[in-house]
Every structure is written in structure tokens, then in C-alpha cells.
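Enquirer: Pasting the sequence and the predicted coordinates here, then a few questions.
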Amino acid sequence: NAGVTQTPKFQVLKTGQSMTLQCAQDMNHNSMYWYRQDPGMGLRLIYYSASEGTTDKGEVPNGYNVSRLNKREFSLRLESAAPSQTSVYFCASSEAFWDTQYFGPGTRLTVL
Amino acid sequence: QKEVEQNSGPLSVPEGAIASLNCTYSDRGSQSFFWYRQYSGKSPELIMFIYSNGDKEDGRFTAQLNKASQYVSLLIRDSQPSDSATYLCAGADGLTFGKGTHLIIQP
């Protein structure tokens, strides 16, 4: 039982490049979330999926897109990376919407 | 926008003392709250969930919710160096976390 897994753990991009962050959970949770965490800013919600087949914007969605591929997987895509997107990205899941969240280990992204 | 506010700290507490962490919220309709702990370089993990007025105790941790005053607190008794971390507060019916309070337990 791996919980929530994220790939990759580290990534360096050049401005304008695109990439997809992958997230998967094996707890049969209905809801999944993507956050970014910057020093002094706490956790900020980018997008969430309350249930399979639905996605909604969070506090800071600009520059990102998401796909809830199936119940297990929720990916985050940066179409044209910018230095302002340098951050640590966390994926989380919960059994019901905004129930106790279980977090993945995070992806540390640097955009040059 | 439902807001959750925390003092970012750092809050420095001697080992063995009580650490008191506070969180205020803007939405009077908020019913319940989570406290998460995050060690440096790690992901957040749940410490406590409180959904009713008053206190909830779990080992050395006590969560307190005061709906009239719109604050929720976390007390850590007999603080240990291993309690040094950032503590995040989140409303259970909003979509925001507080920015977190950085707690340092001094040996």
C-alpha cells in the first residue's frame, strides 16, 4: 500500500518548456488535489477533483491544466513553464471531498 | 473567500513546556478544522481533526475550537525537539490552508 505517489521527485525546466506531473493513489479515494508550496505562502490549491470525472479551479490555477485520468490518477500539466512556477508541488487525496487529506512526497520543480 | 489566518512564527518553546498554536477563521459557518504537521522537506500529515466546540485530546495534543470567537488552537504538552515542525490549520468546509506556524522546541 504505497498511499499517494508522485513522479518525478525533482525536475528542472527551461522557460517555455512543458511537462506533466503525475500523481496516483491506491486508497480508492474519490477526491484528489494539487497544491503548490512556496516559502512564506503556505499550501495553495491549484486544482482539485472532487470525484472522478470532475475538476475545478482552486486559488491559483493560471498556467496549469489537470486531467483526472481515472479514479486513481490525477495529472498536472504546465504548458509553457515560467520561473514563477518554481515551487514544490504536492498531490493529495481524500476519501470524500475535503476530508482528511493524504499527501504525496512532493515534486521539487525549478524553472530557469 | 474563506480565510484561515495563522502567525507564521517562528514560535520558540523550551523542551517540556506547552506549545500553543493558534488559527483564526473568517467564515462563521465553518464547522470543523484540521491540524496538519509538516517537517522540513516532507509532506503534511494529519495531527488532529476537531468538529465541535470545546476540546479534543489525543495523547500530548489537544485541539480547541471556539466558534463564538472564531478561533481554533492546538496545544502540545511536554514539548519535544521532535515536535519542531510547521503546523498548518485548514477549515473542513473551505478550500484553503493557513500559511502555517513554524514551531521550534529548544532542548
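Expert: Sure thing, it's come through. Numbering: from 1, shown residues only, chains lettered A, B, ... in the order given.
Enquirer: And the strands in chain B, which stretches?
Expert: Listed in chain order, the strands of chain B (DSSP state E) span B:4-6, B:11-14, B:19-25, B:33-38, B:45-50, B:54-58, B:61-66, B:71-76, B:85-91, B:101-106.
Enquirer: repeat for chain A
Expert: Using DSSP E, strands in chain A cover A:4-7, A:10-13, A:19-25, A:31-38, A:42-49, A:56-57, A:64-68, A:74-78, A:87-94, A:102-103, A:107-111.
Enquirer: how about CSV for the ones you listed, with distance to chain B added?
Expert: The way it works is simple: take the backbone N, C-alpha and C, and place the C-beta from them, glycine included. Formatted as CSV, those follow (distance: least, C-beta to the nearest C-beta, whole Å):
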stretch, distance to chain B
strand A:4-7, 8
strand A:10-13, 12
strand A:19-25, 12
strand A:31-38, 8
strand A:42-49, 3
strand A:56-57, 9
strand A:64-68, 15
strand A:74-78, 16
strand A:87-94, 6
strand A:102-103, 4
strand A:107-111, 9
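Enquirer: For chain B, which residues are neighbours of chain A?
Expert: B:8, B:34, B:42-46, B:49, B:88, B:92-100 (C-beta under 8 Å from any C-beta of the partner chain).
Enquirer: Just put the strands of chain A in TSV and tack on mean neighbour count, distance to B:D55 and mean pLDDT.
Expert: Below are the strands of chain A laid out as TSV (neighbours: other C-beta atoms under 10 Å in any protein chain shown; distance: least, C-beta to C-beta, whole Å; pLDDT from 0 to 100):
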stretch	mean neighbour count	distance to B:D55	mean pLDDT
strand A:4-7	18	31	98
strand A:10-13	14	42	97
strand A:19-25	19	32	98
strand A:31-38	23	29	96
strand A:42-49	22	25	94
strand A:56-57	13	34	96
strand A:64-68	18	38	98
strand A:74-78	20	36	98
strand A:87-94	23	25	97
strand A:102-103	20	26	96
strand A:107-111	18	38	97
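Enquirer: Please tell me the pLDDT value assigned to B:N53.
Expert: We have a pLDDT of 83 for B:N53.
Enquirer: now swap in B:K2 and tell me
Expert: 69.
Enquirer: In PyMOL, select just the buried ones from the residues of chain B next to chain A.
Expert: Buried residues among those (16 or more other C-beta atoms under 10 Å in any protein chain shown), as a PyMOL selection:
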select buried, chain B and resi 34+43+44+49+88+94+95+96+97+98+99+100
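Enquirer: Phi, psi for A:P61 please.
Expert: Note on A:P61: backbone dihedrals following degrees, to the nearest 10 are phi -80, psi -10.
Enquirer: my read: it touches A:T55, true?
Expert: No - between A:P61 and A:T55 there is no contact under C-beta atoms under 8 Å: 9.9 Å.
Enquirer: Mind listing the shared neighbours of these two?
Expert: Common contacts of A:P61 and A:T55, defined by C-beta atoms under 8 Å, 6 or more residues apart in numbering or on different chains, comprise A:Y47.
Enquirer: Regarding stretch B:29-46, how distant is the last residue from the first?
Expert: Terminal residues of stretch B:29-46 are spaced 22 Å apart (C-alpha to C-alpha, to the nearest Å).
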